[in-house]
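**Q** got a sequence here, can you build the structure:
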Amino acid sequence: MKIKSALLLSVLCLATTVNAQQINDVPKNDPVYPIIIESVRHGYLPLNSDNLFNADAPVTRKEMSVIIDKLLAGETSSDLTKPQIQELLGLSRSFKTQSQEIEKNQKDLTAAQIKLDDEQKAIHQDISLLTAQLSSANAEIVELRTSMNAQIAELRTSMNAQNGTNDALEKYKKTANDDRNAMWVGIALSLIIGIFK
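**A** Numbering: from 1, shown residues only. Reported below is the predicted structural model:
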């Protein structure tokens, strides 16, 4: 059972297609290079057509099924030797760290996405509040403009009435002046007539 678990763990980390002895995307001085070569040689984790191992490529359920089938077929037919099992365990350990890093990165990304979603909700709420305040301010401006226009019309009416009153007062002053002048002329004439009589 431990062997199956170790093999499954190594299978979860990698997948590619078929055949080749030289790996173009893993340096030969990499500590796991010999383990990868053996896994490829035994057909557990084959290379693609460009001899690329694609160590970080995800494994599909279909690919995993094929690899598990090969591993189980090898185990039941006793084709899987102890060194091969050790190689697969070594491969499993070497990619365990990468698998943990990928999982951690995925958790970090999920947390960052949740934080961004929360910030976006807060921004939408702020925008809604500002839109409501702007709408209220616009209504107040319209109301003030209407009130100001009414006051201006009232002032104009009052000024026109004031101008009418001023015109009437000027007329009255002129009439009073004319009457006073006529009175003095009348007094002067009376005096002159009184002197000559």
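
**Q** show me what the helix or strand harbouring residue 195 is packed against.
**A** Using DSSP states H and E, residue 195 sits within helix 82-196. Using 3 or more CB pairs under 8 Å, 6 or more residues apart in numbering; DSSP states H and E as the contact criterion, the neighbours of helix 82-196 among helices and strands are helix 2-13, helix 33-41. The C-beta positions use only the backbone N, C-alpha and C, and glycine is treated the same way.

**Q** quick one: least confident helix or strand in the chain?
**A** Of all the helices and strands that make up the chain, the one with the lowest confidence by mean pLDDT, DSSP states H and E is helix 2-13; it has a mean of 44.

**Q** for residue 57, phi and psi?
**A** The main-chain torsion angles of residue 57 are listed as degrees, to the nearest 10 and equal phi -70, psi 140.

**Q** check this structure and tell me which residue is nearest its centre.
**A** Nearest to the mean C-alpha position of the chain, by CA atoms, centre = their mean, lies residue 120 at 5.5 Å.

**Q** how far away is it from residue 87?
**A** Using CB to CB, to the nearest Å, one obtains 49 Å as the distance from residue 120 to residue 87.

**Q** residue 47 now?
**A** Distance, residue 47 to residue 87, using CB to CB: 16 Å.

**Q** and residue 28, by the same measure?
**A** Using CB to CB, residue 28 is found at 16 Å from residue 87.

**Q** so between those two, which is more surrounded?
**A** residue 87 (22 against 9; other CB atoms under 10 Å).

**Q** low pLDDT regions in the chain?
**A** Filtered on pLDDT under 70, the chain yields the residue ranges 1-21, 74-80, 197.

**Q** before we move on, back to that, who's in contact with the residue nearest to the centre of the chain?
**A** The contact partners of residue 120, by CB atoms under 8 Å, 6 or more residues apart in numbering, come to none.

**Q** would you mark the buried spots in stretch 38-56?
**A** By neighbour count with 16 or more other CB atoms under 10 Å, stretch 38-56 contains the buried residues 38-40, 42, 44-48, 52-55.

**Q** nearest to residue 23 among those?
**A** Distances from residue 23 to the buried residues of stretch 38-56, taken as CB to CB, are shortest for residue 53 (4.9 Å).
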